[in-house]
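Student: my questions are about this predicted structure, shown below with the sequence.
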Amino acid sequence: MTEATLPKLTKKDFESNQEVRWCPGCGDYSILAQMQKTLPELGIPREKIVFISGIGCSSRFPYYMETYGMHSIHGRAPTVATGLKLANPELSVWVITGDGDGLSIGGNHLIHILRRNMDVNIVLFNNQIYGLTKGQYSPTSRLGHKTKSSPLGTIDQPLNPLSVALAAEATFVARSIDVETRHLSEVLLRAAQHRGTSFVEVFQNCNIFNDGAWRHLTDPEQKKQNLLRLEHGKPLVFGPDNSKGIRLNGLTPEVVELGNGVSESDLLVHDESRPDASAAYLLTRMTYPAYPVPIGVFRCLETLTYEDALTGQLKQALQERGVGDLDKLFRSADLWTVSESNGKS
Amino acid sequence: MIETKPQELAFEELDSVIIRFSGDSGDGMQLTGTQFTNTSAVLGNDISTFPDFPAEIRAPAGTLAGVSGFQVNLANSDVFTPGDAPNVLVAMNPAALAANLADLEPGGILILNTDAFQAKNLKKAHFEGNPLEDGTLSKYNVISVPISTLNKAALADLTELSNKEVERTKNFFALGLTYFMYDRPLDTTLQWISHKFKNPVIAEANTRALKAGWNYGDTTEAFQHRYRIRPAQLPPGTYRKVTGNEALSLGLVTAARLAGKPLFLIGAAFGGAMAATASSGPGLELKMEAINLALVLELPMVIIDVQRGGPSTGLPTKTEQSDLLMAYFGRNGESPIPILAPCTPSDCFTMALEAFRLAVRSMTPVFVLSDGYLGNSSEPWKIPEASSLPRIVVKHPTEREGFQPYRREEETLARPWAIPGTPGLEHRIGGLGKAPLTGNVSYKPEDHLKMVTDRAEKVARLADAIEDQPVFGPSSGDLLVVGWGSTFGAIRTAVQQAQAAGLSVASTHIRYLNPFPHNLEGVLRSYKKILVPEMNMGQLAFLLRGRFGLDIISYPKVLGRPFTIGEIRTRIHEILAQGRKP
Ligand code: SF4
């Protein structure tokens, strides 16, 4: 049977036989389900898909996927993914990480995979807490957050994962929310289709150690005021009946009510394909409560991937210098020959 | 070409000579030494070299901290080390003289660039007076040459060059002069110059400097003798010079080629590539977490540690063998790992191939312990035919029937190397405790015990796949000198000399440090005493005591420099003298 005649895979095909061990009610379940639902859409055979993770609650993800997978070490999933992708560029490689794993110990590795633009998809589960170690503040915990390791409130300025990604030259940057299942599935699909590093932040609820961290975006009433869905080519509108919008005042975005002389044509229009990342960056700086929080694709730009650049270099080197020859390599130095008779010729 | 007038100066035949070139880091001494070595190698001498340079790329000019040296031992017979005390010292400035004079043998030849001996430089080198004048050097055969002045004169009509550019070629003057003294042809270096310098004026300047040095030797009466060292009787074949670092790199590339695989980073091992990484010092500590992951994932790869003085950043350019116990034990949990140690620069090639062979055979990361001395020193290497090298057989399963990621092969206990992309063999591996066969996460006591013992047994069984421990000298006797890694040359030569003096002594060099060869214990127990010289505080001695319960005499050295032959020979004599009745 050839690949072309294979029956379309289903969600079930991507469920491994391992018992899922996240806390009941954890947002991770939803992300897992959306991933399993989305992968069949890609038409990629299971054996070509690899999930690589670091350490943390989210990093148990690969065990639950019926694909190839590796649960590696803290923060280093991007490094392993880089090696794997170079060894076999045909694979569809996913990195699963969290706000602790990806931005604390793994911050360095994350920015380097992004700037290289490896064709790898990174999903960062952001729950603003270390869950697996039972509730210490993480690099995204909001300022003043009281946790087990910050009894008087954190004094660390939190990182904004999408701002970091853009500063690291990411070519695909998006955000979704664990409970926005349809949206999440769409974003994952877009991420998979992008050639280059895709970076997706998923707001995820840790109902045990940081319950309600995203309530302003998940509570049906609150989210009407606070959630802004980005759509390419469309003006930035939000609020009940899309009654509000975002207008640029100089370099500063401002919230405006539509009507009373303000129309959609005054609003900022979203363009995810701008080569310059400044507009996308501006959107990532819109945070609660001063602004509505955007979800969707912030940036999507096709440029040369690392593996294509490397393959190109190798091809050119092969063309110019020919296939490597061990005997020639060994002899690429000053040589001398010792013969049987005189010991030296 | 230069016209030589050999009839005017008598040639003295030498069996060997040890020359040390030394100067400021910016003086090009490494280059000078390398050129002298290449020329001598092509001439057929056996050679062994040792560069010694500071960690700072350009420490302040003229200071002791900035002194860079390169020692070469060339001979008409086998040499195993760069030699203990130089017979000839070339010192380009007072700091170089101050840093190296103590090593020069009494009566040795001292070639000095007198232009550099001004008050300012003398002060930087902490000389009270001027050693050229105050009798400090009376023990030596001093050849004073105003190298900078003479060189400047030789390049006078190359007006395009700045003073600095002219000054920078003075090392070639010194090189030309030593070529004259030791009757070396100029062509190897002339060819190198024409390849290296694209700018024709710079190429001309270096060529002139080289020839001017030679001519100076030829026309002045500073020398009573010229010297000749006949070619060594090496086994027939085509040779090149290799350093340990070069040989390791060649070995890695070759291993990948022989396996028909690309050579890649550690993460690539999961994808089926030949993975290797090289590091030293704290870089190794940093990688240890990933190495332990590879160990528990049971993926093959090669980790090269070019050891240097530590702890922490330590002595970045100075040699030491102090990572042996780190390689053995420096990971969390029960984490045995195979460890190999090449013993000469050309052995680095062999052991790189060995490391891959064993890694693939047992599905495990393998350590290769080199060191700064081995990595940077060089010797002739008889070039192998690529087609004669053994293939490295790599198997990736494709059969679904009965596949389990941790089902072990009966003989080797290796797990299958199933790679992503293979239909039907999808599986997950990770750093958590796992169940045998499936590799699924498991914290069960009996599963943990089984995995720990299987991994240990897997490494232990590599002893079936390596050669027996060879011995140099009698198979039993009063003393066995046991070494590992780069101490080979000094130990072998010292033992040879002690044997010639009639002592009952043998040596053995352990290249397979984990697992040890099956016969090692028997070898060790065949001698009354065991001496272990190593460039650390006694790490192999510690292992041998613990492993075999033997009484070991440790001979530690941590001076950032290799052992000399004399040090080991003296220790052998001391130990055997103690055993004798007065
Ligand atoms: S601790 Fe929090 S993040 Fe971790 S599994 Fe439980 S709910 Fe989910």
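Tutor: Received it, and whenever you're ready, just let me know what you need.
Student: and residue 307, what does it touch?
Tutor: Reading this off chain A. A:Glu307 makes contact with A:85-86, A:89, A:118-119 under the criterion Cβ atoms under 8 Å, 6 or more residues apart in numbering or on different chains. All C-beta atoms are positioned from the backbone trio N, CA, C, and that covers glycine.
Student: nope, chain B
Tutor: Neighbours of B:Gln307 in contact, by Cβ under 8 Å, 6+ apart: B:280, B:319-323, B:369-372.
Student: so in terms of bridging, what pairs with it?
Tutor: B:Asp371 (DSSP bridges).
Student: so B:Lys318 lies in a strand, does it not?
Tutor: Yes. Under DSSP: H, G, I helix; E, B strand; the rest coil, B:Lys318 sits within a strand.
Student: apart from its neighbours in sequence, what residue is nearest it?
Tutor: Among residues not flanking B:Lys318 along the chain, B:Gly560 sits closest, at 3.2 Å (Cβ to Cβ, 6 or more residues apart in numbering or on different chains).
Student: chain A versus the one you found, what's the distance?
Tutor: According to Cβ to the nearest Cβ, to the nearest Å, B:Gly560 stands 29 Å off from chain A.
Student: contacting residues for that residue?
Tutor: B:309, B:315, B:318-320 are the contacts of B:Gly560 under Cβ under 8 Å, 6+ apart.
Student: the domain parsing of chain B - what is it?
Tutor: B:10-229, B:239-388, B:477-579 (automatic domain parsing).
Student: using a markdown table, lay out those together with mean pLDDT.
Tutor: As requested, the domains of chain B are exported to a markdown table (pLDDT from 0 to 100):
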| stretch | mean pLDDT |
| --- | --- |
| domain B:10-229 | 92 |
| domain B:239-388 | 93 |
| domain B:477-579 | 96 |
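Student: so whatever residue of chain B ends up closest to chain A: helix, strand or coil?
Tutor: Relative to chain A, the nearest point of chain B is B:Gly267 (2.2 Å; Cβ to the nearest Cβ). Recorded secondary structure, B:Gly267: helix (three-state DSSP).
Student: give me the element the most centrally placed residue in chain B is part of.
Tutor: Centroid-nearest residue in chain B: B:Leu374, 1.0 Å away (criterion: Cα atoms, centre = their mean). Assigned by DSSP states H and E, B:Leu374 belongs to helix B:372-376.
Student: could you identify the helix or strand that succeeds that helix?
Tutor: Immediately after helix B:372-376, counting by DSSP H and E, sits strand B:378-382.
Student: please name every helix or strand in contact with that following strand.
Tutor: strand B:46-52, strand B:237-243, helix B:244-258 (3 or more Cβ pairs under 8 Å, 6 or more residues apart in numbering or on different chains; DSSP states H and E).
Student: 6 Å instead, please
Tutor: Judged by 3 or more Cβ pairs under 6 Å, 6 or more residues apart in numbering or on different chains; DSSP states H and E, strand B:378-382 is in contact with strand B:237-243.
Student: parallel or antiparallel, which strands does the strand it packs on pair with?
Tutor: Strand pairing (DSSP bridges) places strand B:237-243 next to strand A:336-338 (antiparallel), strand B:378-382 (antiparallel).
Student: quick one, strands of the stretch 201-345 of chain A?
Tutor: A:227-229, A:237-238, A:244-249, A:252-257, A:293-300, A:336-338 (DSSP state E, counting those that start in this stretch).
Student: re earlier: tabulate the contacts of B:Gly560 (a markdown table), appending distance to A:Ile295.
Tutor: Below are those laid out as a markdown table (distance: Cβ to Cβ, whole Å):
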| residue | distance to A:Ile295 |
| --- | --- |
| B:Gly309 | 54 |
| B:Leu315 | 54 |
| B:Lys318 | 56 |
| B:Thr319 | 57 |
| B:Glu320 | 56 |
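Student: farthest pair in these?
Tutor: B:Leu315 and B:Thr319 (8.3 Å; Cβ to Cβ).
Student: what is the neighbour count of A:Arg182?
Tutor: 9 (other Cβ atoms under 10 Å in any protein chain shown).
Student: pull the helix or strand that it is a member of out as PDB, backbone CA atoms only.
Tutor: Take DSSP H and E as the rule and A:Arg182 turns out to sit in helix A:181-193. Coordinates of the C-alpha atoms in helix A:181-193 are reproduced here as PDB (Å, rounded to 0.1, in the frame of the first residue of the first chain):
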ATOM      1  CA  THR A 181     -10.700  24.800  20.900                       C
ATOM      2  CA  ARG A 182     -11.600  25.800  17.300                       C
ATOM      3  CA  HIS A 183      -9.300  28.700  17.300                       C
ATOM      4  CA  LEU A 184      -6.500  26.700  18.800                       C
ATOM      5  CA  SER A 185      -6.900  24.000  16.200                       C
ATOM      6  CA  GLU A 186      -6.700  26.600  13.400                       C
ATOM      7  CA  VAL A 187      -3.600  28.200  14.900                       C
ATOM      8  CA  LEU A 188      -1.900  24.800  15.200                       C
ATOM      9  CA  LEU A 189      -2.700  24.000  11.600                       C
ATOM     10  CA  ARG A 190      -1.300  27.400  10.500                       C
ATOM     11  CA  ALA A 191       1.800  26.800  12.600                       C
ATOM     12  CA  ALA A 192       2.300  23.400  11.000                       C
ATOM     13  CA  GLN A 193       1.900  24.800   7.500                       C
END
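Student: now the angle from that helix to strand A:293-300?
Tutor: Interaxial angle, helix A:181-193 versus strand A:293-300 (axes from the mean of the first three to the mean of the last three Cα atoms, to 10 degrees): 20 degrees.
Student: just checking, what packs against helix A:181-193?
Tutor: Using 3+ Cβ pairs under 6 Å, 6+ apart, helix A:181-193 is in contact with helix A:28-42, strand A:172-177, strand A:198-203.
Student: which residues sit in contact with residue 217?
Tutor: With no chain named, the answer covers chain A. Going by Cβ atoms under 6 Å, 6 or more residues apart in numbering or on different chains, A:Leu217 touches A:177, A:223, A:226-227, A:293.
Student: my bad, chain B
Tutor: B:Gly217 neighbours (Cβ under 6 Å, 6+ apart): B:177, B:180.
Student: so which helix or strand takes in it?
Tutor: Applying DSSP H and E, one finds B:Gly217 within helix B:200-219.
Student: give me the outermost residue of chain B relative to its centroid.
Tutor: Farthest-from-centroid check, chain B (Cα atoms, centre = their mean): B:Glu401, 48.3 Å.
Student: re the thing from before, list of residues touching the helix holding A:Arg182?
Tutor: For helix A:181-193, using Cβ under 6 Å, 6+ apart, the contacting residues are A:34, A:38, A:41-42, A:121, A:174, A:176, A:198, A:200, A:297.
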